[in-house]
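[1] Below are the sequence and a predicted model; questions follow.
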Amino acid sequence: MVAAIASAQDAAQDFRVNCMSCHTIGGGRLTGPDLKNVESRRDRAWLLKFLQNPKAVIEAGDPYAVKLKEEARGVVMPTLPGMTPERAAALLDLIAAESKLERSQFAGLSIPETPFTPQDIAFAGRSFWARSGSPRGVRRAFPATGWRGCRSWAVGAWVPS
């Protein structure tokens, strides 16, 4: 029982470190596909093989792997150093368990598809000034240049020159 918990924790950390920059579990596509219920799209044996050497599966001409590469705009998932069958299986077990949850811890951020409205931008500006305590707060944040030394403003965040 203790070994199973440790393995799940290791898989979660492994996913955080190596997978989250390109994948979610239930949060939609990033560079790579959303992995929620991935075993309903491909069988476990295929997934284990792909996780261990994605490039080899693509180069072998596997149609599904080639499609994944096309959908990722040509980005090929890297082969992770030390990816053993056991490590790949632990990741698949984690993905399967997280897929059953209403919201996975790996769903990622919810980013709206619609552009910012003028009201959103105004709110962000008011929020920035409220947090900084007015332009004087900006001088505290940027003591050498104050707000005049900032080259741009992007949704509530000043970027120093």
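    Great, that's in hand. Residues are numbered from 1 along each chain as shown.

[2] Now do the contacts for A96.
    By CB atoms under 8 Å, 6 or more residues apart in numbering, the contact list for A96 reads E39. C-beta: built from backbone N, CA, C; applies to glycine.

[3] Surely C22 is in contact with M77?
    Yes: contact between C22 and M77 holds when scored by CB atoms under 8 Å: they sit 7.1 Å apart.

[4] Return every residue with contacts to both of those two.
    Shared contacts of C22 and M77, counting by CB under 8 Å, 6+ apart, come down to G32.

[5] Comparing the two, which residue is more hemmed in?
    Neighbour totals were compared for C22 and M77, and M77 leads with 21 against 16 (other CB atoms under 10 Å).

[6] So that one versus L101, what's the distance?
    In this view, M77 and L101 are 24 Å apart by CB to CB, to the nearest Å.

[7] Also L35?
    For L35, the distance to L101 equals 13 Å [CB to CB].

[8] More neighbours: which of those two?
    Using other CB under 10 Å, the more surrounded residue of L35 and L101 is L35, with 26 against 13.

[9] What residues does the more buried one make contact with?
    With contact set as CB under 8 Å, 6+ apart, L35 has these partners: 19, 23-25, 95, 99.

[10] Export these to CSV and append columns for pLDDT.
    Formatted as CSV, the contacts of L35 follow (pLDDT from 0 to 100):
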residue, pLDDT
C19, 92
H23, 92
T24, 92
I25, 93
I95, 96
S99, 93
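
[11] Closest one of those residues to L48?
    I95 (12.0 Å; CB to CB).

[12] ok, that closest one to I121 distance?
    I95 is 38 Å from I121, where distance means CB to CB.

[13] Between these two, point out the one with more neighbours.
    Neighbour tally, I95 and I121, criterion other CB under 10 Å: the higher count belongs to I95, 23 against 13.

[14] check which helix or strand covers the more buried one.
    In the assignment (DSSP states H and E), I95 maps to helix 85-99.

[15] Same question for that helix: list its buried residues.
    Residues 87-92, 94-96, 98-99 are the ones in helix 85-99 that count as buried (16 or more other CB atoms under 10 Å).

[16] Just the residues contacting stretch 63-82, thanks.
    Applying CB under 8 Å, 6+ apart, the contact partners of stretch 63-82 are 18, 22, 29, 31-33, 42, 46, 50-55, 57-58.

[17] For stretch 39-58, output the C-alpha coordinates as PDB.
    The C-alpha trace of stretch 39-58 is given here as PDB (Å, rounded to 0.1, in the frame of the first residue of the first chain):
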ATOM      1  CA  GLU A  39      -6.900   5.100 -23.200                       C
ATOM      2  CA  SER A  40     -10.300   5.400 -24.900                       C
ATOM      3  CA  ARG A  41      -8.500   6.800 -28.000                       C
ATOM      4  CA  ARG A  42      -5.500   4.400 -28.100                       C
ATOM      5  CA  ASP A  43      -4.800   1.100 -26.300                       C
ATOM      6  CA  ARG A  44      -2.500   0.900 -23.400                       C
ATOM      7  CA  ALA A  45       0.200  -1.100 -25.300                       C
ATOM      8  CA  TRP A  46       0.400   1.600 -28.000                       C
ATOM      9  CA  LEU A  47       0.500   4.400 -25.300                       C
ATOM     10  CA  LEU A  48       3.300   2.600 -23.500                       C
ATOM     11  CA  LYS A  49       5.300   2.300 -26.700                       C
ATOM     12  CA  PHE A  50       4.700   5.900 -27.600                       C
ATOM     13  CA  LEU A  51       5.700   7.300 -24.200                       C
ATOM     14  CA  GLN A  52       9.000   5.400 -24.300                       C
ATOM     15  CA  ASN A  53       9.900   6.700 -27.800                       C
ATOM     16  CA  PRO A  54       7.500   9.100 -29.500                       C
ATOM     17  CA  LYS A  55       9.900   9.900 -32.400                       C
ATOM     18  CA  ALA A  56      10.400   6.200 -33.300                       C
ATOM     19  CA  VAL A  57       6.600   5.700 -33.500                       C
ATOM     20  CA  ILE A  58       6.200   8.700 -35.700                       C
END
